[in-house]
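Student: need a structure here:
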Amino acid sequence: MHKKSSLIPMIIIGILFFIFGFVTWLNGSLIPFLKVICSLSDVEALFVTFAFYIAYTVMALPMAYLLDKTGYKNGMSLGLGTMSVGSLLFIPAALNGEFIYFLVALFTLGSGLTLLQTASNPYIVLIGPIESAAMRISIMGLINKSAGVLAPIIFTVLILSGIGSIENLSIFEIEALAQKLILPYGTMAIVLFLLAFFVKFSALEELEFTQDEYDDSSVFSFPRIVLGAVALFFYVGIEVIAGDTIGLYAQSLGVINVTVLTSYTMVFMVISYLVGVFFIPKYLSQEKALSGSAILGIVFLIGVTFSSTTDNTISEFLWGWSGIQTLPNSVTFVALLGLANALVWPTIWPLALADLGKHTAKGSALLIMSIAGGALLPLAFGKLSLLSGSMQEAYLYGIICYGVILLYALKGHKVTGWGR
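Tutor: Predicted structure coming up:
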């Protein structure tokens, strides 16, 4: 089903993608923050990403069933309402200071986002011609990652202004710092609640899908969607590693203001999305953009692993003139992964959904479930860094992720049947 592109739906979905980005990329700031507040190890701190992203796997099928009952528009509204509840749960978590309360709040936020993303992503693909879907998704990605740039900055200003280092705080200072989460998350709960009403009574049209004549397992007979979900699993994993571990890694090297560093990765993603908006498909095919992204990611991971942890020359060259905090070369390469990551999501979606016809809705749900990579792979990264004794060396294992993405770009999306 294809709907004629319309400005109003694009604006409404754009607002939702901003919410996705803002809520999601707050995690990069929360990880080093909660590590101090709750006295966590690096691996324990990465359960922030696990609790958030595992919701996509646990809740994807229940949410897909709910969408069948409520419709996509009402589903978006319910998703925003669930996210509002998740934001409110941060208040007792901040008052209590127990990590488990934060994990419950994060899982609830992730559950709301699961419903919201399952409903909104098909809109972007189906609201216009499939050939231009990558461009529309890139526009949404610009909005999403712009929010990702702002979220860590706002978090740092509201929570850490005037504090400086969050290391070596007294018990009373830690309790006071934790309670500073109450105002921003309480405000976010109110905003999300109001947005839920806005979407419910907006002019957004309902998507209508033709009923499948096959059983639920028939979507797995399309290799491009199954392999696309596998590629997205590894992509989301490496994207989260790049965005959410940069603060932990920089913290281990003694860098200050680490809660803002996710913004660096997001800035490079915004730059790459601009390439997608202006160059795909006129000058750059979706397949070549995906292949180039994977190769660039491998190059940057090699840079992370083998470059200096004390020399700042690369960041001084890139932005030293601006007065922005410079970073060790190795940390800068983590931020540069944003350039490699941005165009993977917008190119895999249309390649995976091409010619699915009646199976499009089920295919979309399968792709959303692959976001579980953001829950599992960062934990694996944390374990590898612990076993190797070096977080810098652990980044090299991310080459596996980009290898899977490259295989999908070169071969996987072309497979029309299993065994062919």
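Student: use CA for all of it now, contacts and neighbours both
Tutor: Will do.
Student: buried ones in stretch 26-45?
Tutor: Of all the residues in stretch 26-45, those buried under the rule 16 or more other CA atoms under 10 Å are 26-38, 40, 42-45.
Student: what mean pLDDT does that stretch get?
Tutor: The pLDDT scores in stretch 26-45 average 86.
Student: and if you look at stretch 226-243?
Tutor: On average, stretch 226-243 scores 95.
Student: where's it relative to the chain centroid, distance-wise?
Tutor: Relative to its chain's centre, stretch 226-243 lies at 10 Å (CA atoms, centre = their mean, to the nearest Å).
Student: sorry, back to before: can you tell me which of the buried residues of stretch 26-45 are in helices?
Tutor: Counting by DSSP state H, the buried residues of stretch 26-45 place 27-37, 42-45 in helices.
Student: and which of these is nearest to N121?
Tutor: Of all those, N121 sits closest to N27, with 21.6 Å by CA to CA.
Student: how far away is M76 from V258?
Tutor: 33 Å (CA to CA, to the nearest Å).
Student: which one of these two is surrounded by more residues?
Tutor: Neighbours were counted for M76 and for V258 using other CA atoms under 10 Å; M76 has more, 28 against 23.
Student: which element is the nearest residue to that one once chain neighbours are set aside on?
Tutor: Leaving aside its sequence neighbours, M76 sits nearest to L116 (CA to CA, 6 or more residues apart in numbering; 4.8 Å). Applying DSSP states H and E as the criterion places L116 in helix 99-126.
Student: I139 too?
Tutor: helix 133-160.
Student: so how far is D244 from the residue nearest to M76?
Tutor: Distance from L116 to D244, by CA to CA: 22 Å.
Student: between helix 99-126 and the helix holding I139, find me the angle.
Tutor: 150 degrees (axes from the mean of the first three to the mean of the last three CA atoms, to 10 degrees).
Student: now helix 133-160: buried residues?
Tutor: 133-153, 155-156, 159-160.
Student: so which elements touch that helix?
Tutor: helix 7-24, helix 27-37, helix 99-126, helix 262-279, helix 344-353 (3 or more CA pairs under 8 Å, 6 or more residues apart in numbering; DSSP states H and E).
Student: could I get the ones you listed as a markdown table with distance to A380?
Tutor: Putting those into a markdown table (distance: least, CA to CA, whole Å) gives the following:
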| stretch | distance to A380 |
| --- | --- |
| helix 7-24 | 20 |
| helix 27-37 | 16 |
| helix 99-126 | 18 |
| helix 262-279 | 20 |
| helix 344-353 | 21 |
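Student: low-confidence ranges, the stretch 1-150 of the chain, go.
Tutor: The model of the stretch 1-150 of the chain has pLDDT under 70 over residues 1-6, 130-131.
Student: what's the helix or strand for L232?
Tutor: Here L232 is assigned to helix 223-244, by DSSP H and E.
Student: give the next helix or strand downstream of that helix.
Tutor: As assigned by DSSP H and E, the chain's next helix or strand after helix 223-244 is helix 246-252.
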